[in-house]
Every structure is written in C-alpha cells, then in structure tokens.
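**Student:** what follows is a predicted structure for the sequence shown.
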There are 2 protein chains.
Amino acid sequence: MKKVSLKDIAKKAEVSTATVSYVLGNKKCRVSEATKERIRAIAQELNYQPNQIAQSLKSGKTYTIGLIVADISNPFFSNIARVIEDEAAKFGYTVIFGSSDESAEKSWKLIQFLKNRQVDGFIIVPTENSEAQIEYLQEQKMPFVLLDRYFPQLNTTNVAINNFEIASEMVKDLIKTSPKKIGMIAYKNSLIHMEDRIGGFQEASKSIESFIERVGFNAIEAEVELALENLLQKKVEALFFATNSLAVAGLRVLQQKNIKIPNEIAIASFDESEAFEFFYSPVSYIQQPINQMGTRALQLLLNKVNTPELQEKTEILTAECVFRKSSQR
Amino acid sequence: MKKVSLKDIAKKAEVSTATVSYVLGNKKCRVSEATKERIRAIAQELNYQPNQIAQSLKSGKTYTIGLIVADISNPFFSNIARVIEDEAAKFGYTVIFGSSDESAEKSWKLIQFLKNRQVDGFIIVPTENSEAQIEYLQEQKMPFVLLDRYFPQLNTTNVAINNFEIASEMVKDLIKTSPKKIGMIAYKNSLIHMEDRIGGFQEASKSIESFIERVGFNAIEAEVELALENLLQKKVEALFFATNSLAVAGLRVLQQKNIKIPNEIAIASFDESEAFEFFYSPVSYIQQPINQMGTRALQLLLNKVNTPELQEKTEILTAECVFRKSSQR
DNA sequence: TTGATTTGATTAAACGTTTAATCATATTTG
DNA sequence: CAAATATGATTAAACGTTTAATCAAATCAA
C-alpha cells in the first residue's frame, strides 16, 4: 500500500501536480470550481495525507520543537512535558523530548541530535557547564527558551520561578518556633535555581546556626543518608530539602531511623510528591506553577520562532508554600 | 548564519555534491585519499551537519517512532517513556510522544498527526474503541506494537503482563486470613488489562463474597470516594485497587475516614507509587516490569520496521507481588 | 478586427540528500 | 601498441512538496 502523493492525485485527475497542490493547499489561485471539486473528491477517495517531510524540506519549518529536560521520569518534568505537549498541539506543533540526566555531555548530544532533525526551536532545562552549548545555539540563531534554570550572565529568554524568595518564605516558617539549628540538603549543582534556593535558606536562617549538605546526582540514597547523619549529629531541629527527590530519599531515612516529625525535626521541601501527603506527618512543600511554566515557555518560544529578532526576556513566576503538619512544631 | 549543505562543501572543495555525499557518507566509492581528506577537513571546518529531513525524504525513513500513551504525566507511562527513549537512542531513533487521555478520538488524531510526520512505526497503549484505528494501521502496513493492553481478536504484536495471574496471586494473599467479604475498585474500561485484573480478582475470591466498583476516568476523586463508601457499607474486610491512580485516590479517602489499615481493611494495589511506601501502613503492590516492557516493545517494533513480513506475536511479561504491611492482618 | 485582459492551467526550479549510470583519463595487459 | 581494465570523478534523476513564471485560449474593449 504505497503512500498517496500529489502525483497520484494529479494523474487520476489528469491535471498537473501544481494544480493539485494549489487546490489542496487552499491557495488563492485560478482553478475552476469543477476542477477543484474533482481534485478534492479524488484526494478524499485516496485518503491523501500530505508528506510533512517534503513540506518541511521545502519550507524549512518542521513544526517540531525539541524539549530537553533533566529526566522525563521525574514527575516534575513529566508534568511539564505534558503541559507543553498539550499547548504545542494547539498550535500544530509536535514535541520531541530527551533526558539529559544533568550531564552536559548528554545535553550536547541531544542538542545535536534534535538540531539535525531540524526542530524549529528548543525548550531546554540546562545542565551545569552547558553555557557553551547555549551560546552555540545563539550563534546559530536557533530559537530557544531556558526553563527552570538559566545563566544570569547570558542574555537569553528564560522562564523560572522566585526560588530565593519562596525558599526564604518556607524556611522562615520552619524556624518560627525558634530552633537553634537548621539544616538543608541540596544537590551539588551550581546552577542558579539551586543557588537561589540555598540563598533563600541562608537569608531566612541567618539569625541561627545553619548547615548545608550537598549530594551528587548518582547515588542519591546513600549520599542523602550520609548527609542526614551529619545533620543529625549537629542536632538540627529543622530540615529543608531542595527538591522532591532529595526529600523522598530523606523521608525514607527519617522513617527508618524512627525520628519524630515534626517534634524532633520539622521538615519542608521544594516541589511536590505523592509521598508528601501520605507521610505520617504530611510534608509542607513549595508548589511550583507547572502549568504556567509550561505554557509560558512554549508561548515565548513560538514568539521567538515567528519573530526572530525579538528581545530576550526573563519571566519569573511565583511559587507557593503549602503548609502542612511536618513543619508545625 | 545559513545552514551548511553538501553544496557549500562541494563548492569550496571544487568537486560535485555527489563526491561529497559519498565521502561523508563513508560509502564505498572511488575517490582519492587526498580528495577525501580535503572534503572531510572542509566539512569539519564548516561544522557540517546533514539535514535529516532531506535524508528522510530520500530514504523514506525518519528514524523516528511515535509513542502514544494514556497520559505522559502518569509515572507509569513517563517511566516507560524514559526507558523507550533511552533504548531508542541506542539505535539512532528519536521518540515523539502524545497522550491519548484514554480517548479514542484523541488517539486517532495523534495517529494521523504522527503518521503525517512519517514516523517509522508506533508503540501504542491503545484506548477503548480504537480497534478500527489499529486495523487501519495494519492495512497501511505501518509497523506498530501494542503495549500494556491489546485486542485479543486482532492479530497484532503485543507486549503485556500476566494481569490475571498476578492479580489473582495478590488477592489470594489478601484473603489468606479468611475475610468474608472483599472489594475491588477498577476503571470503567473494557480493555483486556482491566478485565484480566478483575478476572484474577474474581478467580481468587470466588470462595467468598466479592464486590466490584468501577469508576470513570474523569472525576476520579469523587467517584472513588463514592465507590469506597459503597464497599464500606458492604463491610468488606479487604480491598484491591486496579491501578496506582485509583489507590492513591482511595488512600486519601481511607485516611480521611480514619479507617485502620490493615486491621479494619487490608489493601493492595496494582502498580507503584511513591505514596505506597510512606503510607502509615505501607501498601502492598504489584510491580510491573517497566524496563522490560519498554525495551521489548521497542525491540519488537524495530524488528518489524526492519523485517516487514515478520510474524505477529504477543509477549507476556511477568509482574511481581511486593508484600508490605497493608495486606497483612 | 485587433490588441489587451482575464481565466485556467502548466512548467520548471527549488529544498538537501542519495545513488545508479556515465564519462574521461590513466594504467595494465597481451 | 591497441585493447581492456582500473581509477577518480561527474551527471542527472529521484524523494514529495511549493510557487514564481509562463502559456494558451477565451473574453473583453476600442
């Protein structure tokens, strides 16, 4: 069952492919109504579907965008992917995605890969040390939007949240019962979102003793356990997790060590997780505006795709604190 | 910064585009080493990247596969997507995905959409009433593999799990302390995976009184609450959830109604969820072999893509029961 | 009636590749 | 030394579209 092309329709209708193209493309052109009808009927009959590859080659547009996230299996990113997918579909765009695993090398491979596939633009959650990749895209005049994180020294279009302020707000709540020591578990990641979360933590806890433990991306379980043990030795009375993955790993350890939350230690976390609500002491968390993040990123990208010389801008959306029992001593 | 094409390299190297194509494509051909070197150097210098769109148009292959899941934001599917993505990348394939939301209409739109984008094949988690779509793909000789569910009456290649047996095993464990009544909450979905889970439940609980409540996909929260209330009225002493989403909604209600698990009611669920482990009485669940499901589906698809007349086959992988406290009375 | 305009459609080139067929030139063979 | 072969490269068509340029015939105006 060969694919039906314009040529097939043209042959059957005894006209040129150009005529068929004009008619099916609804271009303004001079073709008699009779011929139009005939062509449309035949197209319908043969169930003609235009070959987008050929269209893309001609037009230089693929109506495809590349989405690079840290890890599509992380609910935060899969939820954002879902939003972007839905929003893109509204405008006739398809989404191709890839996971960088926070590795600049993988990220570069993905960029090359997707660029060869001629995506019209990128939405990228950048990894550490990927500045050069971003600058490369700029040189190539390839439209893109950075999401979740960005590089302050680079003039790019970004969609992010008020990490510093919201972390500070959450931590202030965490220490409102005046503990003497507080701890934070964050990733070993120098990107702005992480630094801002840490900055907010420090700002809010500057009046008391604070400790920060940072773990790598690889052996989260083991490293978080170690980090937590260090903090327990310091006798922290409150604990702030920089992401949901860290919190879940942390909860596991806390539960296992049978530490009473919030009485012995009050806790709160960034991001959401289904686990938070069912932990015996429901976990306070910072809710990111995922829908907005996805739709804005896509909107800004499409703007750039359609208007190349647009000014770069950074959009900072506001997250919200959801207070539950885990932080109320 | 226009894109560099074979033509640009050819001009600079003062040879024909054909020669450049042969050299960069590493085809066996008769070109002197000197020329080869010159061409390769220029390609490197100009940072030539082949235009995959043009290649695809010529070859009829896009090295792209379409993945249609029920909902990419559901961890079960995003995890599978991740596995498929990684596996596909190994073979130089890209994944384009879409969420059907269990709607045959959306599924059809996605199939059309992806087909126009000339994907080489599909991995589809089919929705109810999409048999015609599947048959259409067969007529079109479009390679595809069905995942998670399939239509027994259609001769297709499928990757699924032993839903009946594993559900039966879990339910048998659930009733080993001889409760008199057991309930199940399932989706209103006539597809085989759901029917088999229900079948396994019935088979295992045939010696006692059993009740089945089925809820729609839309207002899960409200419907699950209603279903649960019905079952509570029947005074069931054990409860089996057909999926993680149903279980999470159910746990919410159970927690709110302050029902003691497992003492008042023993529970177990299909699928995993981060919530299960942190529920005060960790939830027993059926763990699906997600890695295998993804890799096998992709493998079978690539086999079909490369060997069109391959025989259809159904691969049934085995899930495992993970017993925790919630089912031990 | 002649020239200008409108109408309905075709031609041909282009997008960036791939690849069979062909063609000079150089080298080997008998 | 002529014929056969090997070497290094080019030509041209094709994939399925789009679209500017062109063309022939019919209609109109003067």
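**Tutor:** Nice, thanks for sending it over. In this text, all values refer to a predicted model and were calculated from it rather than measured experimentally.

**Student:** list the contacts of stretch A:79-92.
**Tutor:** For stretch A:79-92, contacts defined as CB atoms under 8 Å, 6 or more residues apart in numbering or on different chains pick out A:63, A:65, A:67, A:69, A:72, A:94-95, A:97, A:123, A:147, A:290-291, A:293-295, A:297-299, A:302, B:71-73, B:78, B:97-99, B:113. For the C-beta atoms, the positions are set from N, CA and C on the backbone; glycine is no exception.

**Student:** does residue A:305 belong to a helix or a strand, and which?
**Tutor:** Following DSSP states H and E, the helix or strand that holds residue A:305 is helix A:290-306.

**Student:** and chain A, what are its domains?
**Tutor:** A:6-50, A:62-160+A:290-317, A:163-288+A:322-327 (automatic domain parsing).

**Student:** quick one, phi/psi of residue A:312?
**Tutor:** The phi/psi pair for residue A:312 (degrees, to the nearest 10) reads phi -70, psi 150.

**Student:** so who does residue A:281 touch?
**Tutor:** Residues near residue A:281 by CB under 8 Å, 6+ apart: A:261-262, A:324-326.

**Student:** okay if I get those as TSV plus neighbour count?
**Tutor:** What follows is those, written out as TSV (neighbours: other CB atoms under 10 Å in any protein chain shown):
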residue	neighbour count
A:261	21
A:262	22
A:324	17
A:325	15
A:326	26
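
**Student:** if any of the contacts of stretch A:79-92 are buried, give me the ChimeraX selection for them.
**Tutor:** In ChimeraX syntax, the buried subset of those is picked out as below (16 or more other CB atoms under 10 Å in any protein chain shown):
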select /A:63,65,67,69,72,94,95,97,123,147,290,293,294,295,297,298,302 /B:71,72,73,78,97,98,99,113
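
**Student:** can you pull out the strands in the stretch 151-300 of chain A?
**Tutor:** Ranges of strands within the stretch 151-300 of chain A are A:158-161, A:181-187, A:209-215, A:238-241, A:266-270, A:284-287, based on DSSP state E, counting those that start in this stretch.

**Student:** in stretch A:130-149, what's buried?
**Tutor:** A:130, A:133-134, A:136-137, A:142-149.

**Student:** what of stretch A:245-265?
**Tutor:** By neighbour count on 16+ other CB under 10 Å, the buried set for stretch A:245-265 is A:245-254, A:261-262, A:265.

**Student:** what lies in contact with stretch A:42-49?
**Tutor:** Stretch A:42-49 is contacted by residues A:3-6, A:8-9, A:12-13, A:20, A:24, B:112, B:115-116 when judged by CB under 8 Å, 6+ apart.

**Student:** what about 7 Å?
**Tutor:** Residues outside stretch A:42-49 that contact it (CB atoms under 7 Å, 6 or more residues apart in numbering or on different chains) are A:4, A:8-9, A:12-13, A:24, B:115-116.

**Student:** one step back: how about the helix holding residue A:305 as PDB, C-alpha atoms only?
**Tutor:** C-alpha atoms of helix A:290-306 as PDB (Å, rounded to 0.1, in the frame of the first residue of the first chain):
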ATOM      1  CA  ILE A 290       3.900  23.900  36.500                       C
ATOM      2  CA  ASN A 291       1.100  24.800  34.100                       C
ATOM      3  CA  GLN A 292       2.200  28.400  33.800                       C
ATOM      4  CA  MET A 293       5.800  27.300  33.400                       C
ATOM      5  CA  GLY A 294       5.000  25.000  30.500                       C
ATOM      6  CA  THR A 295       2.600  27.300  28.700                       C
ATOM      7  CA  ARG A 296       4.800  30.400  29.100                       C
ATOM      8  CA  ALA A 297       7.900  28.600  27.900                       C
ATOM      9  CA  LEU A 298       6.000  27.400  24.800                       C
ATOM     10  CA  GLN A 299       4.500  30.800  24.100                       C
ATOM     11  CA  LEU A 300       7.800  32.600  24.400                       C
ATOM     12  CA  LEU A 301       9.400  30.000  22.200                       C
ATOM     13  CA  LEU A 302       6.700  30.300  19.500                       C
ATOM     14  CA  ASN A 303       7.100  34.100  19.600                       C
ATOM     15  CA  LYS A 304      10.800  33.700  19.000                       C
ATOM     16  CA  VAL A 305      10.200  31.200  16.200                       C
ATOM     17  CA  ASN A 306       7.900  33.600  14.500                       C
END
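
**Student:** how distant is it from the center of its chain?
**Tutor:** Helix A:290-306 sits 11 Å away from the centroid of its parent chain (CA atoms, centre = their mean, to the nearest Å).

**Student:** follow the chain on from it and name the next helix or strand.
**Tutor:** Following helix A:290-306 in sequence order, the next helix or strand is strand A:314-317 (DSSP H and E).

**Student:** model confidence over the next helix or strand along the chain from that next one, on average?
**Tutor:** Counting by DSSP H and E, the next helix or strand C-terminal to strand A:314-317 is strand A:320-322. If you average the pLDDT over strand A:320-322, you get 98.

**Student:** and if you look at stretch A:110-129?
**Tutor:** 94.

**Student:** over to stretch A:217-228?
**Tutor:** The model assigns stretch A:217-228 a mean pLDDT of 95.

**Student:** name the residues of chain A found near DNA strand D, please.
**Tutor:** By the rule CB under 7 Å from any atom of the strand, the part of chain A lying against DNA strand D is A:3, A:5-7, A:17-18, A:21-22, A:24-25, A:27, A:48, A:50-51, A:54-55, A:57-59.

**Student:** what residues does the stretch 151-300 of chain A have near DNA strand C?
**Tutor:** So the stretch 151-300 of chain A never meets DNA strand C (CB under 7 Å from any atom of the strand).

**Student:** fine, thanks again, bye for now.
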